[in-house]
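Student: next come a sequence and a model predicted from it.
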Amino acid sequence: MANVSITINGRSYSIACGDGQENRVRELAAELDAQVRLMAGEVGQIGDSLLLVLSGLSLIDRLGDMASETETQADAASAGAKAAQGRAKVAEARADAAERHAAELERHLHAAIKRIDGLAEGLQDA
């Protein structure tokens with residue numbers, strides 16, 4: 001277990017963390033310190049406890065906004081995927097219809113060719 005010294009709003013704290021996590025704890029502390037200093041700039045030095053509570057609430061609110069945004073983006077991506085599937089189904093249905101139409105047209109052409117051949121034979125015999 002490692003110990004890290006951090007500073008929040010000018011006060012030093014010793015924090016225990018897992019070995020190898022020291023840099024991450026320092027990064028998190030720097031973010032928290034920035035938020036506490038921002039809050040202190042807005043409301044004044046109202047005490048460390050209250051500044052930490054307000055900063056924590058602000059950070060959690062921002063995290064919630066980011067989660068909502070991520071969910072909205074995921075919903076949009078899902079809707080886009082569904083639309084793409086729908087377009088693919090429409091394209092497939094059109095291709096099937098075109099294939100059936102081409103086969104029917106081919107049958108009609110063969111029937112017409114047979115009739116023309118029959119008429120041509122009748123004319124040659126006459």
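Tutor: Received it, and whenever you're ready, just let me know what you need.
Student: make it CA atoms for all contacts and neighbour counts henceforth
Tutor: Will do.
Student: contact partners for Lys89?
Tutor: By C-alpha atoms under 8 Å, 6 or more residues apart in numbering, the contact set of Lys89 is empty.
Student: okay, and it sits in which element?
Tutor: helix 48-125 (DSSP states H and E).
Student: need the phi and psi values for the closest residue to Ala16 other than its chain neighbours.
Tutor: For Ala16, ignoring the flanking residues on the chain, the nearest one in space by C-alpha to C-alpha, 6 or more residues apart in numbering is Asn3 at 4.4 Å. Backbone torsions of Asn3, given as degrees, to the nearest 10, read phi -120, psi 140.
Student: confidence score at Asn3?
Tutor: pLDDT for Asn3: 93.
Student: again, but for Asp125
Tutor: On the pLDDT scale, Asp125 is placed at 67.
Student: next one: Asp61
Tutor: 90.
Student: ok, it to Ala16 distance?
Tutor: 27 Å (C-alpha to C-alpha, to the nearest Å).
Student: likewise for Gln73?
Tutor: For Gln73, the distance to Ala16 - C-alpha to C-alpha - is 37 Å.
Student: do the same with Asp33
Tutor: If you go by C-alpha to C-alpha, the gap between Asp33 and Ala16 works out to 18 Å.
Student: those two - which one has more neighbours?
Tutor: For Asp33 versus Ala16, the count of surrounding residues by other C-alpha atoms under 10 Å is larger for Asp33: 20 against 14.
Student: which SS state does the more buried one fall under?
Tutor: Assigned by DSSP: H, G, I helix; E, B strand; the rest coil, the conformation of Asp33 is helix.
Student: name the nearest residue to it, sequence neighbours excluded.
Tutor: Nearest non-adjacent residue to Asp33 (C-alpha to C-alpha, 6+ apart): Ile8, at 4.7 Å.
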